[in-house]
Every structure is written in structure tokens, then in C-alpha cells.
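Enquirer: Generate a structure from the sequence data that follows.
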Amino acid sequence: MTELRPAENFLFLPKLYDLFKNSILGSYGDIVDYLDVYVKNTDTYNIFYLDSARDILLKFEYSFTMKNLILAITLSLLSLNLGAELIAHRGIHQTYNRNGLNNETCTASRIDKPKHQYLENTLVSIEAAFNQFADIVELDVHPTTESHGPENLVVFHDWTLNCRTNVSCSSGCNCNSKNECETNKQSLSFLQSLDIGHGYTFDQSKSFPFRGKYWGMMPSFKEVLDLLQKYPKKSLLVNVKGNKLRTAKAFVSLVSKYPLDLRKRIHFPHRYGLEVELKKLGVLDEISQANKKCIFTYLKVGWKGVFPKECHGIEMMIPIRETLERFLGRPGRLFKFKMVLWGWPHRFIELAHKHGTKVYASQVDSIREYNKMRKLNLDGIMTNKIEVIGPYSQTIY
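Expert: This next block holds a predicted model:
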């Protein structure tokens, strides 16, 4: 996370005041020119703060006086959230069209035209996300048919293998009655024999840009933990797929072999009857994808300014572009989820923090969205575009 030394950023104010008082600087443009030189000479002040100050002045129709300018600059500094963690959803990956999306959609068949060569949930993708300034990488895990040992968890998103890989029921897969090859019904050796880039296409199956390039690249969770050891300031957010109890037991068995310092950097759901074991291991609780029990209750009582006990002391993710209908899993009008969240963003976040709850925003995939979110008092921001948002986040402080 980026740290700011506020005192440094006010060093220019005495000099700025003298110039303004003596009428050497008489306009906003003059001050911008002066600060531009100041930045180049001292490297302690970012012009972004003045731009924010100007926005505040214009918004509240302040007159252009030194007193109001200093006030506006101070407000712009205070409005920045420098503690928000950056979370890379699935590492660096291929984004896709979300229109008409449901739980059965094969997202590999509708990717956007590729701008890079990374695929989700792979070691190269996770490491690249860390190197692009992600504090946390979110990934998905399934249990395998091995009952114990380092092969008991695999990193992959889909419940079935048919969408992304070259799998077929006649090629060794243990398929179900729907001819679906379920991820958690396979051995690690079988899973790591597949081409996980086989099904990706952006032009309605006219081309498959990743076919043949990702043979054997589905990682075990152990391989990811070994990678995490090389990045002592980075963390993981584990999304449980497949058989949840089996996954949790396998997770406990595996991470117990790693040092406490690493275990304290992993978010994993404290559920499935293993809460005590997970707490003893020092594993962090999950950052819930908009905890439904909490949200349903809040939708009923939040209009009264009440923050229900179901929402206390948790970490929750608010999907800013998700529709309420997709979140609820039922048809209806396409309201944005955040539109019906009473008091969003400021009052909601204030109530959450008052009751020990951390709030994260997800689906923050453009610089414009990121600039809006980082001015809120969020605890973290999750993006599908860490390769864009990560480097940008380093240029504005």
C-alpha cells in the first residue's frame, strides 16, 4: 500500500502564500505553472492534489482566495484513501462480455479481444498481478480425488472443465450424466494434463488465440503457496469451489505445513465446522462477495439507518456494476445492486466501519471508476484490470 507523508505535501504552502500575497500569482493557471516547477524540482508534491482542490472549489463555488485554496487542497488530501488494498480478481486474466451472463455461461467463449497473453488462475498470472502492484490476488480452488498430500487442491475457476479445456468424456474424464466433466471429480495428474487455454475465443469461434499455449498449466494450490513465499508482503483471497467441506479439510491439512507468517496472509472462509482450526492456524476470514444474509437484512432495515447484526464484524465486497437480479439469482428489472443499497456509498461505509465491518468494492475496471472509488473510505478495491489499475495507482500519490 502506498504511504503518504502529509507534512511534505504542505511544504509549498508558505512560498505559495507569499507569491499570492505579492500578486505574482493571480490565477489558478499561475498556481498550476508554479506547482509544476515545484514538483519537478522537489519531487514531493503531486499535481493531482491541486486538480482535486480545483474540483472542490468549483463544486462549492468558492471564491478564488488563498484561504479557500488552502482549504480545498487540505480537503483533497483528506479525501484520498491511501490505505485501500488492491485486489486482482483471478490475477491478470482475459475479460469478457457480461451481458446476459448467468451461472451456466461459458465465459471463455465470449472474451474481449486479447490485449495480453495471461489466463486466469495460473502461476504466471498470479505472479504478474503481484508485480503490477496487487496487494491481494483472488483465486479459486477445488478439491481433487486425492484424499491427502500436496495434490489435494487445484486452482481453477469453473465447476466443470468443458468450457475452457480440451477435455472430453472419451478422453479419460469421469463425466456426469449431463456429459459434464466436473473439476472436483478428477485427479491432479489428469487436470494437469489438459490445455486450459483450449476454449478461449473472442470472434465466435473463428480463432482460438490461446489454444495449445497452456498445456499442463493448471496449478496445484501448493504451487501457489510456494510462490506466495517469494512475496512476503502479498496475500491471497481464496474462493472455495467444488465440495466445500472437502476443500476446507484439504486446505487445513495443506496450509498447516507452512509458517505462520504465510498463513496470516491468506483469506479463507471460517466455516464448514472448521472455524476453530482455521483461527488457530492464523488464517484470515473471507472477504465475502456481498454476504447475502447481511444484505437481505440490510435492504429491509437500512432505510432507517440501522446496520443489522448480520453485517457486524465481517469483510464484505460490494460489486458496483452487478445487477440486483443477478445477485439475487432471480429475474426482474436490471437495477444496479448499489442503487438499492441504502446510503451507498458514504453512509453505508460509515455505518459498516462503526460496527467493525470492512467494505471492499469490486468490478472496478477502469481508471474513471478507480478514481471514484479511491476517494471513498473503502478498505479495498478489487479489479479485473490490475494490469491497468495497478500501475496507475502508483502515479497519483
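Enquirer: residues near Val340, how many?
Expert: Here the number of neighbours of Val340 (other CB atoms under 10 Å) works out to 14. All C-beta atoms are positioned from the backbone trio N, CA, C, and that covers glycine.
Enquirer: ah, wrong one, I meant Asp112
Expert: When neighbours are counted by other CB under 10 Å, Asp112 registers 10.
Enquirer: Check the one 4 residues further on too.
Expert: Neighbour count for His116, taken as other CB under 10 Å: 11.
Enquirer: Kindly report the same for Leu237.
Expert: Residues near Leu237, counting by other CB under 10 Å: 23.
Enquirer: Pretty sure it sits in a helix.
Expert: No: counting by DSSP: H, G, I helix; E, B strand; the rest coil, Leu237 falls outside a helix, being strand.
Enquirer: For Pro114, give me the backbone phi and psi.
Expert: The phi and psi values for Pro114, taken as degrees, to the nearest 10, are phi -60, psi 140.
Enquirer: Looking at it now. What's its pLDDT?
Expert: For Pro114, the model assigns a pLDDT of 97.
Enquirer: contacting residues around the closest residue to it other than its chain neighbours?
Expert: If the residues on either side of it in the chain are set aside, Pro114 comes closest to Pro209, at 5.5 Å by CB to CB, 6 or more residues apart in numbering. Contact partners of Pro209, counting by CB atoms under 8 Å, 6 or more residues apart in numbering, are Pro114, Tyr200, Thr201, Phe202.
Enquirer: Let me see the contact set for the first one.
Expert: It refers to Pro114. Going by CB under 8 Å, 6+ apart, the list of residues near Pro114 reads Gln94, Phe202, Pro209, Phe210.
Enquirer: Okay, and the residue nearest to Pro114 sits in which element?
Expert: Here Pro209 is covered by no helix or strand, with elements defined by DSSP states H and E.
Enquirer: Helix or strand: which one has the most centrally placed residue in the chain?
Expert: Nearest to the mean C-alpha position of the chain, by CA atoms, centre = their mean, lies Met382 at 1.8 Å. When elements are assigned from DSSP H and E, Met382 belongs to strand 380-383.
Enquirer: quick one: strands adjacent to that strand?
Expert: Strand pairing for strand 380-383, determined by DSSP bridges: strand 85-89 (parallel), strand 358-362 (parallel).
Enquirer: Buried residues of the helix or strand following it, list them for me.
Expert: Sequence order places helix 386-393 as the next helix or strand after strand 380-383, per DSSP H and E. Within helix 386-393, the residues scored as buried using 16 or more other CB atoms under 10 Å are Ile386, Glu387, Val388, Ile389, Gly390, Ser393.
Enquirer: Turn the residues you listed into CSV, columns for distance to Asp158 and pLDDT.
Expert: Listed next are those as CSV, based on distance: CB to CB, whole Å; pLDDT from 0 to 100:
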residue, distance to Asp158, pLDDT
Ile386, 21, 97
Glu387, 22, 96
Val388, 25, 95
Ile389, 25, 94
Gly390, 25, 94
Ser393, 30, 89
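Enquirer: I'd like those residues laid out as CSV, including distance to Met217.
Expert: Listed next are the buried residues of helix 386-393 as CSV, based on distance: CB to CB, whole Å:
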residue, distance to Met217
Ile386, 19
Glu387, 19
Val388, 24
Ile389, 25
Gly390, 22
Ser393, 28
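Enquirer: Lovely, talk soon.
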